[in-house]
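> following is a predicted model, sequence given first.
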Amino acid sequence: MSQLSHFKLLAKYNLWMNKKIYETAAALPESVLSKDRGAFFGSIIATLNHILVGDTIWLKRFANHPTPLPSLEYMKCIEYPKALDQVIYPHFNDLMQARYKMDRLIEEFAAELTHEMLKATLAYQSTTGEHFNKNFGHLVQHFFNHQTHHRGQVSALLYQAGVNIGDTDLLLLIPEQSPI
């Protein structure tokens, strides 16, 4: 599998998992979603906001790639988050709408990637002001890994709240192939 097809699969997985999580969470009252559960970001809604904050930060950085990406033009209109734990959307329905819009953008982004782009170096600044120059393909891998890591936390928090999102394995989205 090429890195390009892998990132397209991860974008599809991102959309699929977020849909499962948000549809499950929508059945809970906001008081349950905002309850501090002792997790790293506290509540379900704060953790979901963190995932969106992380996606926003990385996609804004990716928008500065030497090769322009039409899908990321939208990111220039989005405000840079003030902190990693910022709750941009305190109300679940607003967060869900923003998430779905971001997920469509992520699929477009993944479809625009090329092998040449992934080999490039991306210069960016961390949230603490440090400057880095790193391989773009590795940064895209980190972007998808970050989402998966925190969605696992959300899955556990939802389970603690009494709801189960069901199967979450990427394996379920890997296409069947004919035997050789």
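Here it is on my side, so go on.
> could you use CA atoms for every contact and neighbour count after this?
OK.
> what does the longest helix seen in the chain contact?
The single longest helix within the chain, with elements called by DSSP state H, is helix 136-160. When contacts are defined by Cα atoms under 8 Å, 6 or more residues apart in numbering, helix 136-160 is touched by residues 3, 7, 10-11, 14, 17, 21, 25, 37, 39, 43-44, 47-48, 51, 54-55, 58, 117-122, 164-165.
> buried ones among the residues you listed?
The neighbour-count test (16 or more other Cα atoms under 10 Å) marks 3, 7, 10-11, 14, 17, 21, 25, 43-44, 47-48, 51, 54-55, 58, 117-118, 120-122, 164-165 as buried among the contacts of helix 136-160.
> list the contacts of stretch 172-179.
The set of residues external to stretch 172-179 that reach it, using Cα under 8 Å, 6+ apart, is 9, 13.
> avg pLDDT for that stretch?
When pLDDT is averaged along stretch 172-179, the result is 88.
> swap in stretch 109-128?
Throughout stretch 109-128, pLDDT has a mean value of 96.
> same deal with stretch 148-159?
The average of the pLDDT scores along stretch 148-159 is 96.
> mind jotting down where the helices sit in this protein?
Ranges of helices in the chain, per DSSP H, are 3-25, 30-33, 44-62, 92-112, 115-119, 136-160.
> what's next to the fifth one, contact-wise?
Residues external to helix 115-119 that are found in contact with it (Cα under 8 Å, 6+ apart): 3-4, 67, 135-138.
> one more pass at 10 Å, please.
For helix 115-119, the surrounding residues in contact (Cα atoms under 10 Å, 6 or more residues apart in numbering) are 2-4, 65-69, 134-140.
> of those - the most surrounded one?
Gly137 (22 neighbours; other Cα atoms under 10 Å).
> against His146, how distant is that residue?
Applying Cα to Cα, to the nearest Å, the value for Gly137 to His146 is 14 Å.
> try Thr56
Separation of Thr56 from His146 (Cα to Cα): 12 Å.
> any low-confidence regions in this protein?
Counting by pLDDT under 70, the ranges of the chain that qualify are 1.
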